[in-house]
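[1] please find the sequence and the predicted model below.
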Amino acid sequence: MNLLKKLRKENNMQDKLLSKESNAIITDMVCYLRSSDLCGYDIEVIRKELTGMALETQLRNEKFNDIIAEDYKALCDELMKNGSKKTRYEKVLEIVYILVYGIFVLYLAEIVFSSTIINIFKSGQFSMQITLGFVISTLIAVGMGFGVYYFITKNSFELSKKKRKTQVLFIISFSAVWTTAVLSRLFMGKIFLLTINCLYPIVLLGLASLIIKFLNDKYANSFFKV
Amino acid sequence: MFDKSQLMRGTLEGCILKIISLNVTYGYEIMEKLKNYGFDDIQEGTIYPLLVRLEKKGLILAEFRPSPLGPSRKYYFITNEGLETLNSFEVYWNSISIAVRKIIDLEGKQ
């Protein structure tokens, strides 16, 4: 069992006891911490401690923002300086995990929303044509996933303060990239690259997912043995 | 205006070590003690990164324990390395505070 996930689950349960204001502050802080190089374990421990502090202030009828420094971002920067950094191994695992799951989901969507699914049910044909449009739009979509994650976490404080400039920048960039992905899917959807049995990638991606999950769990649990 | 943050950081670390060396304690209690001793503008958010830093440096150890208020609380203990650091902080602070006092008490020769 992944003990980091267990800790995350416990933190999620504790979050429900927080007041709306405390929850908003901690969410912004944790979101910002996720944009850093801090290792996942340290982020969850910090989250647990901040939540504990916030719950105690609630029980003392005080406000959480009165007991922590006014500049939340500076506090997070200070925590980032002092925490353990992600190892290269953890970073690679994280990126591969997102890549594999992203491609897996998009690949399944391609099967469901193309003629492949009809062929499977009508004539038992598992062959599927991979188009340039699919490859390019998948790459753009996965890249956009990384971009959105980085943008939201890095600008969590600005976004929750509803800073117009940041929001407009986000909407414009998101729309532009999304439109490019859709257009490339539409206009290059007839450029066939190869024909494959649609089950092979499912098996490959499924196996890759299992291996990454195993490595992730093993790595996450190594923090708890100390 | 004098920027007190740099001076405060090092000084506070020493004071926190001293407080923890006397009793196993937790963040809020440390903050209350510091306030009682005259660090009026201290907040829990100020000392929290310092506690994380001291823990990473191995000068203190921490353990979650249930608190009477409900959520589990992180209690801090000093390590042998922390005690050594505290001793050297005390020696250095005593010498530097005497030197600074002497300089501050100098009469201006205009």
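    Happy to help now that I have it.
[2] next one: the lowest-mean-pLDDT helix or strand in chain A to chain centre, how far?
    Ranked by mean pLDDT, DSSP states H and E, the helix or strand of chain A with the weakest confidence is helix A:156-160, at a mean of 81. Relative to the centre of its chain, helix A:156-160 is centred 17 Å away, using C-alpha atoms, centre = their mean, to the nearest Å.
[3] what's the first helix or strand after that helix?
    helix A:164-187 (DSSP states H and E).
[4] what sits up against that next one?
    Helix A:164-187 is contacted from outside by A:133-134, A:136-137, A:140-141, A:143-144, A:147-148, A:151-152, A:155, A:158-159, using C-beta atoms under 8 Å, 6 or more residues apart in numbering or on different chains. For glycine as for every other residue, the C-beta is placed from the backbone atoms N, C-alpha and C.
[5] again, 7 Å this time
    Helix A:164-187 has contacts (C-beta atoms under 7 Å, 6 or more residues apart in numbering or on different chains) with A:Gly133, A:Phe134, A:Ile136, A:Ser137, A:Ile140, A:Ala141, A:Met144, A:Val148, A:Phe151, A:Asn155, A:Glu158, A:Leu159.
[6] could you do stretch A:16-32 as well?
    So stretch A:16-32 is contacted by A:15, A:43, A:47, A:50-51, A:54-55, A:58, A:64-65, A:72-73, A:76, A:152-153, A:156-157, A:160 (C-beta under 7 Å, 6+ apart).
[7] near chain B, from those residues?
    Subset of these in contact with chain B: A:Leu55, counting by C-beta under 7 Å from any C-beta of the partner chain.
[8] filter the contacts of stretch A:16-32 to the buried ones?
    Neighbour counting by 16 or more other C-beta atoms under 10 Å in any protein chain shown classes A:15, A:43, A:47, A:50-51, A:54-55, A:58, A:64-65, A:72, A:76, A:153, A:156-157 among the contacts of stretch A:16-32 as buried.
[9] what about these, which are in helices?
    Among those, the members falling in helices (DSSP state H) are A:15, A:43, A:47, A:50-51, A:54-55, A:58, A:64-65, A:72, A:76, A:153, A:156-157.
[10] residues from chain A in reach of chain B?
    A:14, A:49, A:52-53, A:55-56, A:59, A:67-69, A:75, A:78-79, A:82-83.
[11] could you redo the last one with a cut-off of 10 Å?
    Within reach of chain B by C-beta under 10 Å from any C-beta of the partner chain, chain A has these residues: A:10, A:14, A:17, A:42, A:45-46, A:48-60, A:64-72, A:74-84.
[12] list the residues that contact the residue nearest the centre of chain A.
    Central residue of chain A (C-alpha atoms, centre = their mean): A:Tyr149, 6.0 Å from the mean position. Applying C-beta atoms under 10 Å, 6 or more residues apart in numbering or on different chains, we find A:Tyr149 in contact with A:Arg34, A:Ser35, A:Ile98.
[13] what pLDDT does whatever residue of chain A ends up closest to chain B get?
    Taking C-beta to the nearest C-beta as the measure, chain A has A:Ile68 as its residue closest to chain B, at 3.0 Å. The model reports A:Ile68 with a pLDDT of 81.
[14] grab the nearest non-local neighbour of it.
    B:Gly45 (3.0 Å; C-beta to C-beta, 6 or more residues apart in numbering or on different chains).
[15] so what's residue 57 scoring on pLDDT?
    No chain in the question, so chain A it is. pLDDT, read off for A:Thr57, is 89.
[16] was after chain B, sorry
    92.
[17] show me the strands in chain B, by range?
    Applying DSSP state E to chain B gives strands spanning B:25-26, B:60-67, B:70-78.
[18] now tabulate those strands in CSV and tack on mean neighbour count.
    Formatted as CSV, the strands of chain B follow (neighbours: other C-beta atoms under 10 Å in any protein chain shown):
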stretch, mean neighbour count
strand B:25-26, 19
strand B:60-67, 15
strand B:70-78, 19
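[19] would you turn those into a markdown table with distance to chain A and mean pLDDT?
    Formatted as a markdown table, these follow (distance: least, C-beta to the nearest C-beta, whole Å; pLDDT from 0 to 100):
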| stretch | distance to chain A | mean pLDDT |
| --- | --- | --- |
| strand B:25-26 | 9 | 94 |
| strand B:60-67 | 7 | 88 |
| strand B:70-78 | 4 | 86 |
